[in-house]
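Engineer: Need a 3D model of the following:
(chains A and B)
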Amino acid sequence: MPALEHILVVNAVLFAIGAMGVLTRRNAVLILLSVELMLNAVSLNMVAFAVYGHVDFGNITGIVFAFFIIVIAAAEVALALGIVVRTFRNRATANVDEVNLLKW
Amino acid sequence: MEDGVTATQVVFWILAVVMLISAIGVVTAGNIVYAALFFIASLAGVAGIYLILTVEFIALVQLLIYGSAVVILILFALMLTRARERPQALFGRSRPLGIAAALGLLAALIGGIVATTWTTPESSSAIEPVGLQAIGDAIFTLWIVPFIIVGVLLSIALDGAIMLASPDEDDN
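Structural biologist: Alright, predicted model coming up:
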């Protein structure tokens, strides 16, 4: 098994890459992809903690949390893509910096 | 690790490198369809790391829900919202600032990981695989109410997504 620190560092890099995508992309769907990368890093972290700690602490809550994260991410993707398709129909763009109707 | 580099660790690092390179591809690719394909590779890498961590159930869920359903949804949305008439800049004006902020976040996270003393079992024999039965027991006894709530949430969200994306009667 790889050391827990190594898994955590890999997940931190994945999370930072996802954050970079969220902060630099313009297209709403690509921002959503980057958010999914960040969610993957977090659930991988939870699974790592659960697997490395379940002998000592006697529960596997982290694995259940990863399962719930995946299910909720599916719901979130469906809703967000509905909003993106709707916005594209109304404004003819999927770029978040051109959707400024609510911007003061 | 006192027992040197094991085969599991080699496979873990190969998967991690593939996953991270694909993730970089997702956030830097100049073509949005390439970005989605890189995303599939990254998800497969994450599923492989789940397998190394001996949670094959989560790996299967990852492949079934993320690798197929979510990716197909995202590909459809990419196709539906592509503005074909003019080439689009894929990055915003604040790109250097975003990269700097992400690097700062990475430095903070890695600094925190390195500075913490982890009380983990040192040898791999102290880590037991989590069986499928244990996961089922946990989900269907201790977490049964959140499980039902998540099911209701998922069906409501999918209904809402269909309502959002379907055209109004007086639209056209």
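Engineer: Give me the domain ranges for chain B.
Structural biologist: Split into domains by automatic domain parsing, chain B comes to B:1-85, B:131-167.
Engineer: Now do the buried residues in the last one.
Structural biologist: In other words, domain B:131-167. Of the residues in domain B:131-167, those scored as buried under the neighbour-count criterion (16 or more other Cβ atoms under 10 Å in any protein chain shown) are B:134-135, B:138-139, B:143, B:147, B:150, B:153, B:157, B:161, B:164-165. Just so you know, the C-beta spots here come from the backbone N, C-alpha and C atoms, and that holds for glycine as well.
Engineer: before we move on, the earlier item: want to throw the domains of chain B into CSV with distance to residue B:112 and mean pLDDT?
Structural biologist: Rendered in CSV, the data for those read as follows (distance: least, Cβ to Cβ, whole Å; pLDDT from 0 to 100):
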stretch, distance to residue B:112, mean pLDDT
domain B:1-85, 19, 86
domain B:131-167, 28, 90
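Engineer: I'd like the ones you listed written out as JSON lines, with distance to residue A:40 added.
Structural biologist: As requested, these are arranged in JSON lines below (distance: least, Cβ to Cβ, whole Å):
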{"stretch": "domain B:1-85", "distance to residue A:40": "5"}
{"stretch": "domain B:131-167", "distance to residue A:40": "18"}
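Engineer: Now render those as a markdown table, adding distance to chain A.
Structural biologist: Output for the domains of chain B, formatted as a markdown table (distance: least, Cβ to the nearest Cβ, whole Å):
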| stretch | distance to chain A |
| --- | --- |
| domain B:1-85 | 3 |
| domain B:131-167 | 4 |
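Engineer: residue ranges for the helices of chain A, please.
Structural biologist: A:4-24, A:28-57, A:61-91 (DSSP state H).
Engineer: can you list the ones you listed in JSON lines and add mean pLDDT, distance to chain B and mean neighbour count?
Structural biologist: Conversion of the helices of chain A to JSON lines gives the following (pLDDT from 0 to 100; distance: least, Cβ to the nearest Cβ, whole Å; neighbours: other Cβ atoms under 10 Å in any protein chain shown):
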{"stretch": "helix A:4-24", "mean pLDDT": "92", "distance to chain B": "3", "mean neighbour count": "23"}
{"stretch": "helix A:28-57", "mean pLDDT": "88", "distance to chain B": "5", "mean neighbour count": "22"}
{"stretch": "helix A:61-91", "mean pLDDT": "89", "distance to chain B": "4", "mean neighbour count": "20"}
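Engineer: Now the most centrally placed residue in chain B. Its backbone dihedrals?
Structural biologist: Computing the C-alpha centroid of chain B and ranking residues by Cα atoms, centre = their mean puts residue B:43 first, at 5.6 Å. Main-chain torsions, residue B:43, degrees, to the nearest 10: phi -60, psi -40.
Engineer: If I follow the layout properly, it ends up in contact with residue A:43?
Structural biologist: No - the pair residue B:43 and residue A:43 does not pass the contact test of Cβ atoms under 8 Å, sitting 11.5 Å apart.
Engineer: returning to that earlier point: looking at the buried residues of domain B:131-167, which one is closest to residue A:8?
Structural biologist: For these, the closest approach to residue A:8 (Cβ to Cβ) belongs to residue B:135, at 22.1 Å.
Engineer: wait, what's in contact with that closest one?
Structural biologist: By Cβ atoms under 8 Å, 6 or more residues apart in numbering or on different chains, the contact list for residue B:135 reads A:60, A:63-64, A:67, B:55, B:57.
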